[in-house]
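J.: Quick one: sequence plus predicted model below, questions after.
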Amino acid sequence: MYVKFNIMLEVNQLGQGAGIGEIALVDDKPRNATIICLEDTHFATLEKEDFIKVEGKNLRKKYAKDVEFLSKFTFLEDLTRKTKQKICYPMITQNFVLNQKLFSEGDPVKYIYFLEEGEFEVTKTHYIKNQKTDVRCEFLRLSS
């Protein structure tokens, strides 16, 4: 005899301006998550056929471009195309400005960053005989 547990884990909270459900529409697959409103919520909806006519081709192109982008990273080269597609679905593009800090040493891990274009500096605090010094690593650059 075995017992089956159905445990729901929160993977994200979305707010105003967020869209949901497009992955299932583009892939023509069943829903891959459950959505539960955390407060009274108002949605605008669009039927599947209308969405595909308007946006389906654009999303397919976007996901294909994102998969191609991820394929440039050697540590992801052994992943299948389908796995890379799954990584792309929740992936968002962010722009950062000069001297903006992405995270600090010791911060909890929230994201992985895939550099598309630009340059950044990596620093590491190193302690030598009770004296604190910064050891700076080389600049890394990747252009698309």
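T.: Cool, got the structure. Numbers count the residues shown, from 1 in each chain.
J.: Give me the distance between Ala44 and Lys57.
T.: To Lys57, Ala44 is 21 Å away according to CB to CB, to the nearest Å. Yep, even glycine has a C-beta here, placed from its N, CA and C like the rest.
J.: Show me which of those two is the more surrounded one.
T.: Per other CB atoms under 10 Å, whichever of Ala44 and Lys57 has more neighbours is Lys57, with 11 against 5.
J.: which one is the residue most central in space within the chain nearest to, not counting chain neighbours?
T.: By CA atoms, centre = their mean, the chain has its centre lying nearest to Met91, at 2.6 Å. Excluding the flanking residues, the one nearest Met91 by CB to CB, 6 or more residues apart in numbering is Asp66, at 6.3 Å.
J.: avg pLDDT for the strand or helix carrying that neighbour?
T.: In this structure, Asp66 sits in helix 57-70 according to DSSP states H and E. Mean pLDDT, helix 57-70: 85.
J.: what's near enough to touch Ile87?
T.: Contacts for Ile87 (CB atoms under 8 Å, 6 or more residues apart in numbering) come out as Leu70, Leu76, Leu79.
J.: does it sit in a helix or strand, and which one?
T.: Judged by DSSP H and E, Ile87 forms part of helix 81-88.
J.: quick one on the thing from earlier: just curious, which of the contacts of Ile87 is nearest to Thr125?
T.: Leu76 (29.0 Å; CB to CB).
J.: Find me the pLDDT at the closest one, would you?
T.: The score at Leu76 is 90. That number is its pLDDT.
J.: now Asn130
T.: The model's pLDDT for Asn130 equals 62.
J.: okay, now Arg60: neighbour count?
T.: Arg60 has 13 nearby residues by other CB under 10 Å.
J.: Quick check, it in contact with Asp27.
T.: No - taking contacts as CB atoms under 8 Å, Arg60 lies outside contact range of Asp27: 9.3 Å.
J.: any low-confidence regions in the chain?
T.: 1-11, 127-144 (pLDDT under 70).
J.: could you redo the last one with a cut-off of 90?
T.: Low-confidence segments of the chain, defined by pLDDT under 90: 1-67, 72-73, 77, 81-144.
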